[in-house]
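> Any chance you can model this:
(one chain, ligands or ions: 1)
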Amino acid sequence: MKQSIIAGISALLLAVFLPMALLSPVDAAQPERATLVWTQDGAAAAEPEPEPEVVQEPEAAADPGWDAAETVALETEDGVVTLPLSEYLTGVVLSEMPASFSEAALEAQTVAARTFTLKQQTAGKHPGADLCADSSCCQAWTSREALETKLGDGFAAYWDKASQAVSATDGLVLTYGGDLIDAVYFSCSGGTTEDAVAVWGGDVPYLQTVESPGEEISGKFETTVTVPLAEFRQILQTADPQVWLAGSPSSWFGDQVETDGGGVDTLEIGGRVFRGTELRTLFGLNSAKFTVEATAEAVVFTVSGYGHRVGMSQYGAEAMARAGADFEEILLHYYTGVTLEFLGAD
Ligand SMILES: [Zn+2]
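Next up, the predicted model:
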């Protein structure tokens, strides 16, 4: 099964990606991507001169791919919009990840987004639609028209680049035990991702903590939030009236329990125990991985990463891509023990 999938993927990449890689103006920063495709296939490598009829093969042009035949019913501010999965995913990739990211990172993002989308189609979260365009609920999406306005002169190159990531991974999803996974992702982990159980309370075998090096390229790798003492006191006492904050601010903080991913599981403040995720929400922290320090004037949080830190780190994916990893290596790193599967016919 897997061998035939890989063979299928290689053939697909050769048929679809190579001509596009040769044509794309924005792919110039990633010349090794095309090289990788060549070296994956010995037969192709032995034929340095591509046959013109292969490039212009009518059958390849006539087959738009698996994604193009699937539709997504999307709940937007303007009502439910139905569009091809391929077009939807292009709009997701350009909303969820900087288009300046490497091709392999965009491809990994596409597979995660495709898997997430198809999983949502069976979840029944939105009556009359498969999922919505709100990143805090499902995943971000921007229409082609809105992107044209937003990106201006850069639109064509970015749309082309994201479309290539979609077609290069056409029909590919992640499964665990034969089922689609919850392919959650986030911006930056701060160096280590988090177990799902530490954030949402249920253990998920493929959402386990892993190292995520190289994320210093993110501007949100480390941030600080300074909360004046009066505001800190008011926020906590509103959340829990039994919090007792008297005396020196440094004496307010008690035991801290860490998660396996280095986040704050629980922290005792003013005699009450708060969850790290709760403190993240209360004080608007970028993540629940933080240290806290009290001065005479304020409480200072030093926060690592941005997001829930479960699943694939987008900046970690970009760091892996820059180090030469392909999209499959990125996905298999962040989602423990999963399988990359092609949903089309073998
Ligand atoms: Zn939603």
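> near the ion, which residues of the stretch 101-250 of the chain?
In this structure, the stretch 101-250 of the chain approaches the ion at residues 132, 137-138, judged by CB under 5 Å from the ion. Any C-beta I mention is one placed from the backbone N, CA and C, and that applies to glycine too.
> ok, of the residues you listed, which one's closest to Trp252?
Nearest to Trp252, judged by CB to CB, of those is Cys137 at 34.9 Å.
> Can you tell me the SS state at the closest one?
coil (DSSP: H, G, I helix; E, B strand; the rest coil).
> Ok, Val292 next?
strand.
> Going forward, the N-terminal residue is numbered 30.
Got it, first residue is 30 now, which makes that one Val321.
> what's near enough to touch it?
282, 296, 328-331 (CB atoms under 8 Å, 6 or more residues apart in numbering).
> just Ala350 next, same as before
Contacts of Ala350 by CB under 8 Å, 6+ apart are 130-134, 137, 359.
> pretty sure it is in a helix, no?
Yes - Ala350: assigned to a helix according to three-state DSSP.
> Let me know the distance separating it from the ion.
Look at Ala350 and the ion: by CB to the ion, to the nearest Å, they are 28 Å apart.
> Over to Lys249?
Distance from Lys249 to the ion, by CB to the ion: 24 Å.
> Do I have it right that that residue meets Ser333?
No - in this structure, Lys249 is not within contact of Ser333 by CB atoms under 8 Å, at 9.3 Å.
> Could you give the number of residues near the nearest residue in space to Asp199 that is not next to it in sequence?
Setting aside the residues directly before and after it, Asp199 is nearest to Gly94 in space (CB to CB, 6 or more residues apart in numbering), at 4.1 Å. As a burial measure, Gly94 scores 18 neighbours (other CB atoms under 10 Å).
> Which residue ranges of the stretch 80-229 of the chain form strands?
100-105, 108-113, 160-161, 201-205, 208-209, 214-215 (DSSP state E, counting those that start in this stretch).
> Turn these into a markdown table, columns for mean neighbour count.
What follows is the strands of the stretch 80-229 of the chain, written out as a markdown table (neighbours: other CB atoms under 10 Å):
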| stretch | mean neighbour count |
| --- | --- |
| strand 100-105 | 18 |
| strand 108-113 | 14 |
| strand 160-161 | 22 |
| strand 201-205 | 21 |
| strand 208-209 | 15 |
| strand 214-215 | 22 |
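> Turn those into TSV, including mean pLDDT.
Below are these laid out as TSV (pLDDT from 0 to 100):
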stretch	mean pLDDT
strand 100-105	96
strand 108-113	96
strand 160-161	96
strand 201-205	98
strand 208-209	97
strand 214-215	96
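> so what's Ala142 up against?
118, 121-122, 125, 168, 212.
> and which of these is nearest the ion?
Gln168 (8.2 Å; CB to the ion).
> Average pLDDT for the lengthiest helix in the chain, rounded please.
Longest helix of the chain, by residue count under DSSP state H: helix 132-149. The average pLDDT within helix 132-149 is 97.
> between that helix and strand 100-105, what angle do the directions make?
90 degrees (axes from the mean of the first three to the mean of the last three CA atoms, to 10 degrees).
> Okay, domains of this structure per the record?
95-245+339-371, 251-333 (automatic domain parsing).
> which residues of the stretch 30-179 of the chain score low on pLDDT?
Along the stretch 30-179 of the chain, segments meeting pLDDT under 70 span 30-91.
> got a list of what Arg338 touches?
Shown in contact with Arg338 (CB under 8 Å, 6+ apart): 215, 218-219, 221-223, 228, 290, 292, 316-318.
> how far away is Ala327 from Glu223?
Distance, Ala327 to Glu223, using CB to CB, to the nearest Å: 27 Å.
> neighbour count winner among these two?
Glu223 (31 against 17).
> ranges for the helices of the stretch 230-375 of the chain?
With DSSP state H, counting those that start in this stretch as the criterion, the stretch 230-375 of the chain has helices at 258-268, 305-312, 343-351, 356-363.
> Quick one: the ones you listed as TSV, columns for mean pLDDT and distance to Ala152 too.
Shown next, in TSV, are the helices of the stretch 230-375 of the chain (pLDDT from 0 to 100; distance: least, CB to CB, whole Å):
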stretch	mean pLDDT	distance to Ala152
helix 258-268	97	30
helix 305-312	97	22
helix 343-351	98	23
helix 356-363	98	21
